[in-house]
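J.: predicted model and sequence below, questions to follow.
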Amino acid sequence: MHTGPEDMDIIARVLNGDHQSYSTLVERYQNFVFTITLRYVKTREDAEEVSQDVFVKAYRSLADFKGASKFSTWLYTITTTTCITFLRKKKLEIHSLDNEKVFEVADNVDSGMSANQIEQKSKINMVNEAIKMLSPDDAQIITLFYKGEQTLEEIAQIMGKEPNAVKVQLHRARGRLKEKMERYFSAEVRDIY
Amino acid sequence: MNTDFLDNHPDDESIEMKLWEYIDGFSNEADKSVIQRLVSENAQWKAKYRELLEVHETLNLVELDAPSLRFTKNVMEEIARYQIAPATKTYINSKIVWGIGVFFIAMIVGFLIYGFAQIDWTVAGETRNPLGFDLMKVDYSEMFNNTLMNGVMMLNIVLGLFLFDRYLSNKNKKLKEA
């Protein structure tokens, strides 16, 4: 898949000296980049700092973007690597898919949710909260698939995995999300199902 | 669709995989028609399909988080301090890189040709052993009676074990991901 003409037009203008045009790309993708970053770094302050780094890196490397993939795919790849580098620098544990501890941490953090909070949550908030309980890999893959307009091959490129592995991981991530929703939002889930 | 899959009484996990492929639009035409029939006629498939479809539709409600209102301005202020780096192809000429590679290969091939040309094949033809000496009579203990040699061998063994460990870790990781 190739970058749409709008993104390429903007990139061409930026490379020709119209640096202000880059703000269009920032505004277009800031929510996606911020959401993915937040899956890794957990705090909004860190997520803003890392997201800013992502856009600066993308700007500085813009001349190397060949347009063979979508700009969003290229940008999300930078996002993933920047997040991992950030976490390593802060010497925080990077939770991988096969690390079961991440689920223990999520369970312990969220078991203290009050009944009032649960009652007040809408369906959308329930899904968003459940996604936050997933591992960064699971949360990222769901976000990229459902909101990032990325194909399995593009997600595989972003995450550095094989497309078949991404397909299986997506399936399992959805299963784990459903488990989280049933465990912590059982009343709302009963209404849904 | 492979009918063996149906004949073998698929479990929930297998049914889910097939249904997710169908919902995501990854199934081919043949599989699609089979799954459509199963969903309409088979109670187990119908129930599972409804369950997964609900999850799928719920996930479409996922919202993105938004950064602060100043985010774009902060980014633009930051990039104003930087220049866009020139494309690497403008300062790294791939022809030069290929040229260096070809040069080294040509050197190696040249040395090999020179080495083989120096071998006196007629001498080797007169004795049974082309090396000119009997390997079984070589005293190997003298080769390993050297601290430097032993140190290098130990280092090689440690490096080899390290690489083997990395290989096994990567293999294990791939198996778990699969």
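T.: Perfect, I can see it now.
J.: where exactly do the helices run in chain A?
T.: Along chain A, counting by DSSP state H, helices occupy A:5-15, A:22-41, A:44-60, A:71-89, A:101-110, A:115-120, A:123-132, A:136-146, A:152-159, A:163-184, A:186-192.
J.: got the buried residues for the fourth one?
T.: When neighbours are counted by 16 or more other CB atoms under 10 Å in any protein chain shown, the buried residues of helix A:71-89 are found to be A:71-80, A:82-83, A:86-87. Glycine gets a C-beta too; all of them are placed from N, C-alpha and C.
J.: next, count neighbours for the closest residue in space to B:Y82 that isn't next to it in sequence.
T.: Leaving aside its chain neighbours, B:Y82 sits nearest to A:R60 (5.5 Å; criterion: CB to CB, 6 or more residues apart in numbering or on different chains). The burial count assigned to A:R60 is 14, neighbours taken as other CB atoms under 10 Å in any protein chain shown.
J.: repeat for the one 5 residues further on
T.: For A:F65, the tally of surrounding residues (other CB under 10 Å) stands at 18.
J.: against A:S51, how distant is the nearest residue to it once chain neighbours are set aside?
T.: Leaving aside its sequence neighbours, A:F65 sits nearest to A:W74 (CB to CB, 6+ apart; 5.7 Å). From A:W74 across to A:S51, the span is 15 Å (CB to CB, to the nearest Å).
J.: what's near enough to touch A:V166?
T.: A:I141, A:L152, A:I155, A:A156, A:M159 (CB atoms under 8 Å, 6 or more residues apart in numbering or on different chains).
J.: what of A:L170?
T.: By CB under 8 Å, 6+ apart, the contact set of A:L170 is A:I141, A:I142, A:F145, A:L152, A:I155, B:W20.
J.: which of these are buried, as a ChimeraX select command?
T.: With 16+ other CB under 10 Å as the burial test, the buried ones among the contacts of A:L170 are selected in ChimeraX as follows:
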select /A:141,142,145,152,155 /B:20
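J.: so how far is A:V166 from the residue nearest to A:F65?
T.: 17 Å.
J.: contacting residues for residue 79?
T.: Went with chain A since none was named. A:V33, A:I36, A:T37, A:S51, A:V54.
J.: should've been chain B
T.: Here B:I79 is in contact with A:H19, A:Y22, A:F55, A:V56, A:Y59, A:R60 (criterion: CB under 8 Å, 6+ apart).
J.: which of these are buried?
T.: Buried among these by 16+ other CB under 10 Å: A:H19, A:Y22, A:F55, A:V56, A:Y59.
J.: what does the pLDDT read for the last one?
T.: Residue-level confidence at A:Y59 comes out at 93, pLDDT.
J.: excluding its backbone neighbours, what's nearest it?
T.: According to CB to CB, 6+ apart, the nearest residue to A:Y59 is B:I79 (4.6 Å).
J.: ok, A:L38 next?
T.: A:A47 is the one closest to A:L38 (CB to CB, 6+ apart), at 4.3 Å.
J.: quick check: that neighbour touching A:N31?
T.: No. Checked against CB atoms under 8 Å, the pair A:A47 and A:N31 is beyond contact range at 11.4 Å.
J.: these two: which has the busier surroundings?
T.: Neighbour totals were compared for A:A47 and A:N31, and A:A47 leads with 23 against 17 (other CB under 10 Å).
J.: list the contacts for that one?
T.: Counting by CB under 8 Å, 6+ apart, A:A47 touches A:F34, A:T37, A:L38, A:V41, B:D65, B:P67.
J.: tell me the secondary structure at the fifth one.
T.: When classified by DSSP: H, G, I helix; E, B strand; the rest coil, B:D65 comes out as coil.
J.: max-length helix in chain B?
T.: Chain B, longest helix under DSSP H: helix B:147-177.
J.: that one vs helix A:163-184, what angle?
T.: In terms of direction (axes from the mean of the first three to the mean of the last three CA atoms, to 10 degrees), helix B:147-177 departs from helix A:163-184 by 60 degrees.
J.: quick check: mean pLDDT across helix B:147-177?
T.: Mean per-residue pLDDT for helix B:147-177: 84.
J.: just checking, what packs against it?
T.: Packing partners of helix B:147-177 (3 or more CB pairs under 8 Å, 6 or more residues apart in numbering or on different chains; DSSP states H and E): helix A:163-184.
J.: let me see the ranges of the helices in chain B.
T.: Remark: helices assigned in chain B by DSSP H are B:3-7, B:12-24, B:29-41, B:43-59, B:71-79, B:88-91, B:94-118, B:121-126, B:147-177.
J.: output the ones you listed as TSV; include the columns distance to A:R172.
T.: Conversion of the helices of chain B to TSV gives the following (distance: least, CB to CB, whole Å):
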stretch	distance to A:R172
helix B:3-7	20
helix B:12-24	10
helix B:29-41	20
helix B:43-59	13
helix B:71-79	33
helix B:88-91	38
helix B:94-118	42
helix B:121-126	63
helix B:147-177	10
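J.: right, and these - which one's nearest A:R13?
T.: helix B:71-79 (14.3 Å; CB to CB).
J.: the residue lying closest to B:S27 once chain neighbours are set aside: how many residues sit nearby?
T.: Nearest residue to B:S27, sequence neighbours excluded (CB to CB, 6+ apart): B:E21, at 4.8 Å. Neighbour count of B:E21, defined by other CB under 10 Å: 17.
J.: tell me the spacing between the residue nearest to A:Y59 and A:D138.
T.: Counting by CB to CB, the gap from B:I79 to A:D138 is 32 Å.
J.: next, the contact list for the residue nearest in space to the middle of chain A, please.
T.: Nearest to the mean C-alpha position of chain A, by CA atoms, centre = their mean, lies A:I36 at 2.3 Å. A:I36 makes contacts with A:Y76, A:T79, A:T80, A:C83, A:Q140, A:T143, A:L144, A:G148, as judged by CB under 8 Å, 6+ apart.
J.: ok, B:N42 next?
T.: Contacts of B:N42 by CB under 8 Å, 6+ apart: none found.
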